[in-house]
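Trainee: Can you look at this prediction? I've put the sequence above it.
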Amino acid sequence: MHSQRVEIKREQTKGIVLSTATTAMAKTSIVSDFKEITKMRLALSVVFSSVAGYLLGVETVDFKILALLALGGYFMVGASNAFNQIIERDLDALMNRTKNRPIPAGRMSVNTAFAIASIFTILGIAILYVINAQTALFGAISIFLYTCVYTPLKTKTPLAVFVGAFPGAIPFMLGWVAATDDFGIEPGTLFAVQFFWQFPHFWAIGWFLYDDYKKGGFFMLPTGKQDKGTAVQTIMYTVWTVLISLVPVLGITGALKLSIPAAIIVLLLGLFMLYYALELFKKMTEKAAKQLMLASVSYITLLQIVYVADKFIR
């Protein structure tokens, strides 16, 4: 009798432990899916660019505005990513890279994802509007271009990368507009830097994920193939990116300036990225493309840090 009671208690304890573990796993899955549907890591990198742009444009840092910019920027990118995954859900199911995303994997309904995307859109634009109307306008343009133009074009033409470069280039200049409520040569230059940078970056991704993208019918490379033509264009746009990044040292970009020592650092960073672009041309391998992608991420991140540090050190 006593042994039966002990056994019952053990079973009850085991049931409680299993139930607790299941609940914990469910909560973890919900958080993980939320991060995935909004692409949290990508969103945070975009927020980083916006903050860098703000610090470059501002005379005195207003931490309230900075917080609003970071939050509004995160909502803006999260909305774009969620809409993108709703539209591409059937194609995502075909590719190894994306088949485990919340919607194609069946862990999240389209309605739930649409609710998240809609709420993020409203919150993002509203928060950016609190900063100023121009910032909200550029945020809205970014969501529209990414969702309604870039996403549908990805399965139709390699020009999708060109179109996608516009919303992708907005965050860096968005910070300056948030700081100054003005769009001029300075935010235009920041926009140009990030605009041209995206070509070698996304072509490198398109190269090493070529076979997977092909399953989904995506056309990401400029020639549509992993060939010398794509590699040459990647080199060309890498050179353009570096040259445009050095323009502020010439003193022709208004309040956006770059000292000679900072320009030398930017040039060295650019040569580092160019080296990997040339390696892609020579080797024509997925490994070389992945190295270029990592080099491009390092380049834009360190460039923004150098720009901001140079402003405050000068």
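Mentor: Thanks, I have it.

Trainee: domain assignment for this protein?
Mentor: Taking automatic domain parsing as the reference, the chain has its domains at 13-182, 184-314.

Trainee: what's the least confident stretch among those domains?
Mentor: Among the domains of the chain, domain 13-182 carries the lowest mean pLDDT, a mean of 87.

Trainee: For Val242, grab the count of nearby residues.
Mentor: Other residues lying near Val242 total 22 when counted by other Cβ atoms under 10 Å. To be clear about C-beta, it is placed using only N, CA and C from the backbone, and glycine gets the same treatment.

Trainee: Let me fix that, I meant to ask about Leu68.
Mentor: By the criterion of other Cβ under 10 Å, Leu68 has 18 neighbours.

Trainee: Run through the neighbouring helices and strands of the helix or strand containing it.
Mentor: Per DSSP states H and E, Leu68 falls inside helix 63-87. Judged by 3 or more Cβ pairs under 8 Å, 6 or more residues apart in numbering; DSSP states H and E, the packing partners of helix 63-87 are helix 2-38, helix 40-57, helix 110-131, helix 133-144, helix 151-153, helix 160-180.

Trainee: buried sites along the next helix or strand after the last one?
Mentor: What it means is helix 160-180. Using DSSP H and E, the helix or strand that follows helix 160-180 towards the C-terminus is helix 185-208. The neighbour-count check on helix 185-208 (16 or more other Cβ atoms under 10 Å) flags 186-187, 189-208 as buried.

Trainee: now stretch 85-101
Mentor: Gln85, Ile86, Glu88, Arg89, Leu91, Asp92, Ala93, Met95, Thr98, Arg101.

Trainee: Filter those residues down to the ones in strands?
Mentor: Per DSSP state E, strands hold no members of the buried residues of stretch 85-101.

Trainee: so what's the residue lying closest to Phe114 once chain neighbours are set aside up against?
Mentor: Closest residue to Phe114 apart from its sequence neighbours, by Cβ to Cβ, 6 or more residues apart in numbering: Ile86 at 6.0 Å. Each residue near Ile86 by Cβ atoms under 8 Å, 6 or more residues apart in numbering is listed here: Ile103, Val110, Ala113, Phe114, Ala117.

Trainee: Ile86 and Ile119, how far apart?
Mentor: Ile86 is 14 Å from Ile119, where distance means Cβ to Cβ, to the nearest Å.

Trainee: Now do the contacts for the nearest residue to Phe219 once chain neighbours are set aside.
Mentor: Excluding the flanking residues, the one nearest Phe219 by Cβ to Cβ, 6+ apart is Pro158, at 4.8 Å. By Cβ under 8 Å, 6+ apart, the contact set of Pro158 is Phe219, Met220, Leu221, Pro222, Thr223, Gly224.

Trainee: what's the spacing between the second one and Gln233?
Mentor: Distance of Met220 to Gln233, given as Cβ to Cβ: 12 Å.
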